[in-house]
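J.: Sequence first, then the predicted structure:
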Amino acid sequence: MVDDATERVEEEAVDCLEELGFTEYEAYTFVHLLRLGVGTAKDVSELGEVPRTRVYEAAESLREAGLIGVQYTTPRKYSAVSRETAVRKLDLERQNVITELDELLDRLEPTEGTTEEFGVWTVTGRDAVASRLLEFVEEAEETVVYMTVDDLLTE
């Protein structure tokens, strides 16, 4: 039986893994294997969320991603890489995708005569506002007009 706090942590971890592109079954399988250390498809499915027949498919995807190992016994046994290894691997993959995207976007040819339109921009959030404002200041040839509510200004 899993307590409510553990269940919430599992669900949040699964949500994060899904944001990284894993299916729900893959995410739950990985999280369950991290908790188990070593387990069979039956062991994973008994923790809930993943039917035993779907554990095999999820485990194969996780093996291909380098996140689990498979011991080809009867029944098969699965083990997750360490949490630290998984996080490093996923972070490296994310960085590689971002680097590739940056290179591809740099190679894109602009369409004819595109210029940024004058007008009003609405941006919310401290980081988004700071980033957009820096962008405007760096690209400005003469003037940047910045409007905000007095209560939002700080020193």
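T.: Sure, I can see it. Residues are numbered from 1 along each chain as shown.
J.: And the strands in the protein?
T.: 38-39, 68-71, 77-80 (DSSP state E).
J.: Reformat those into a markdown table and put mean neighbour count next to each item.
T.: The C-beta positions use only the backbone N, C-alpha and C, and glycine is treated the same way. Converted to a markdown table, those look like this (neighbours: other CB atoms under 10 Å):
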| stretch | mean neighbour count |
| --- | --- |
| strand 38-39 | 18 |
| strand 68-71 | 16 |
| strand 77-80 | 20 |
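J.: Same list, those, but as JSON lines with distance to residue 112 and mean pLDDT please.
T.: As requested, the strands of the chain are arranged in JSON lines below (distance: least, CB to CB, whole Å; pLDDT from 0 to 100):
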{"stretch": "strand 38-39", "distance to residue 112": "59", "mean pLDDT": "96"}
{"stretch": "strand 68-71", "distance to residue 112": "50", "mean pLDDT": "96"}
{"stretch": "strand 77-80", "distance to residue 112": "52", "mean pLDDT": "96"}
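J.: got a markdown table for those strands, with distance to residue 20 too?
T.: Listed next are the strands of the chain as a markdown table, based on distance: least, CB to CB, whole Å:
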| stretch | distance to residue 20 |
| --- | --- |
| strand 38-39 | 22 |
| strand 68-71 | 15 |
| strand 77-80 | 15 |
